[in-house]
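> Got a predicted model here, sequence first, then my questions.
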2 protein chains.
Amino acid sequence: MSKKPILYSYYRSSCTWRVRTCLNWKGIDYETRFVDLLKDEHALVPTLEIDDVVLSQSVAILEYLEEIRPEKPLLPKDPYKRALVRSLVQAIAGDIQPLQNLSVLKYLERSGANKNEWIKFCICKGFDGVEKQLEKTQGKYCVGDEVTLADVCLLPQVYNARRYEIDLTNYPRIQKIADNLSKLEAFKKAHPHNQDDCPVELRDTN
Amino acid sequence: MSKKPILYSYYRSSCTWRVRTCLNWKGIDYETRFVDLLKDEHALVPTLEIDDVVLSQSVAILEYLEEIRPEKPLLPKDPYKRALVRSLVQAIAGDIQPLQNLSVLKYLERSGANKNEWIKFCICKGFDGVEKQLEKTQGKYCVGDEVTLADVCLLPQVYNARRYEIDLTNYPRIQKIADNLSKLEAFKKAHPHNQDDCPVELRDTN
C-alpha cells in the first residue's frame, strides 16, 4: 500500500455514495476529487485509485475493498448468506439504479416519456422485489444484524426514492432498515449533503 | 451436497444463459425446469436450487458457484484482475441488461417510446464502455487468456445485440471475443437455441 487512495466523486451519485460508505466503514483514509456529472455525464464516477491501480464500477470496487481490506467485513462468511447479500446488491445496483442514470433520463426525455413517472416506476418495481427478499433476510439490517454490502447499496436508493417523493409506506422493511442505517457514522459521513461539492442550500436539509 | 441442482430457466433469458454457462463450465450436472417468461413476466428467472438453498439474481448465483465449486475457476486469483472482471460483469449485467427486461420494455411501449431504438441506444451506450475497458484487459477472452465471469456475461449480450441487428463492426474487441467464446462447449450447450423450451423454428438458425 503506497499513497492515500483517491476517489473521484460527485455528491449526488448513488454509486459513489456506496464507495464512500465502504471506505468509511473500513476506516480507509482517502482523498476526494470532485467531478461535476452534470457538466461531464461521461465521467467515470466512481473511480478509485488505490494500491497503484485504478478501479471503476462501484460493485467491483466494493468487492475489491472487501478482499484486500477484510477487517470490518461487509460480507458474511457463510456462502449462502453471501449470496443473499449479493442478490440484494444486484436487485438495487443492477435492476434499479442503472434505469435512472443521467444519459438514460436524457434519452427518455427526448423520446417524450415523463421522467418522474419513469423513475417512480423503476424504483417501485425494484423495491417490490427488494421488500420481498427482505421478508426472508431482514434483521436490524438487510441480512441479519450485521451491516453488509446490501445496506451500503440500499440507503442511497432510499434517498433517491425520497427525492422523487415516492411513498415508502408500502415498504416498511426498507424504511426500518434505512432508519437504522442513517444512524451509523460511516453512512452519515458518506451522505451527499456532507460532501464538499454539495450546494450549500441543500446541506441544511440534511 | 444432496440432490441434483434445479435451474428455473427460460431459453431466451440472458441472465439464465449466464448461469447455464457457469454450471456447464464447472461440470455441475443439473435439471432444468422451464418457465415461460412471456406468460409470467414476474417469474424469478433464473432461480437455482442447490445445496438445499434457493438462490436468485444471476450474478449472485455466479459468485456463489465460484465460492463453493472453485474447480475450473471463473475469477482470477489476483484481486486487481478480479476487479477488472467484476467491472465488466457490472457493465453488462448492471448497466445494459436491466434496461431491456420485459417489464421495462412494456412500460416504454405504453409511454410511446420506440422499443427497438431504445434497445439499440442501451446496448450501444453499454458496449462503448465495455469496448473501452477491453482495450486494457483483452486477451483471447475478456480479461487475458482465461475464461472468466466477464465472458459468461458478454456472450448472451452479444446474442441480444445481433437479435436487434446492431452493427458490431464498431466493437471489434467484443466481436473477436464472442467468436472465441462461441467455440467453447460450455457456451454452446448453454445457447438459447439448444434449450428444450426453444421453439423448433429457431433451433435451425443456431
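Ah, there it is.
> Which residues are in contact with the nearest residue to A:Ile96 once chain neighbours are set aside?
Spatial nearest neighbour of A:Ile96, excluding adjacent residues (C-beta to C-beta, 6 or more residues apart in numbering or on different chains): A:Gly126 at 3.5 Å. The C-beta positions use only the backbone N, C-alpha and C, and glycine is treated the same way. The contact partners of A:Gly126, by C-beta atoms under 8 Å, 6 or more residues apart in numbering or on different chains, come to A:91-92, A:95-96, A:99, A:157.
> any idea where the strands of chain A begin and end?
A:6-9, A:31-34, A:47-50, A:53-56 (DSSP state E).
> in the lengthiest helix in chain A, what's buried?
If you go by DSSP state H, chain A has its longest helix at helix A:115-137. By neighbour count with 16 or more other C-beta atoms under 10 Å in any protein chain shown, helix A:115-137 contains the buried residues A:118-127, A:129-131, A:133-134, A:137.
> Now do the same for that helix: mean pLDDT, whole number.
Here helix A:115-137 scores 94 as its mean pLDDT.
> same thing with stretch A:17-35?
97.
> Convert the C-alpha atoms of that stretch to CSV, please.
Taking Å, rounded to 0.1, in the frame of the first residue of the first chain, the C-alpha atoms of stretch A:17-35 are listed here in CSV:
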residue,chain,number,x,y,z
TRP,A,17,-22.1,7.1,-2.1
ARG,A,18,-21.8,3.3,-1.9
VAL,A,19,-18.0,3.5,-2.2
ARG,A,20,-17.7,6.4,0.3
THR,A,21,-19.7,4.4,2.8
CYS,A,22,-17.5,1.3,2.3
LEU,A,23,-14.3,3.3,2.7
ASN,A,24,-15.6,5.0,5.8
TRP,A,25,-16.8,1.7,7.3
LYS,A,26,-13.4,0.1,6.8
GLY,A,27,-11.6,3.2,8.2
ILE,A,28,-9.7,3.7,4.9
ASP,A,29,-8.5,7.3,4.8
TYR,A,30,-8.9,8.7,1.3
GLU,A,31,-8.8,11.9,-0.7
THR,A,32,-11.7,13.1,-2.8
ARG,A,33,-11.6,14.7,-6.3
PHE,A,34,-14.9,16.2,-7.3
VAL,A,35,-16.4,15.6,-10.7
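> Tell me where chain A is predicted with low confidence.
A:1-2, A:204-206 (pLDDT under 70).
> how does it divide up, domain by domain?
A:6-73, A:79-188 (automatic domain parsing).
> any idea how far the last one is from the chain center?
It refers to domain A:79-188. With C-alpha atoms, centre = their mean, to the nearest Å as the basis, domain A:79-188 stands 8 Å off its chain's centre.
> Quick check: end-to-end length of it?
29 Å (C-alpha to C-alpha, to the nearest Å).
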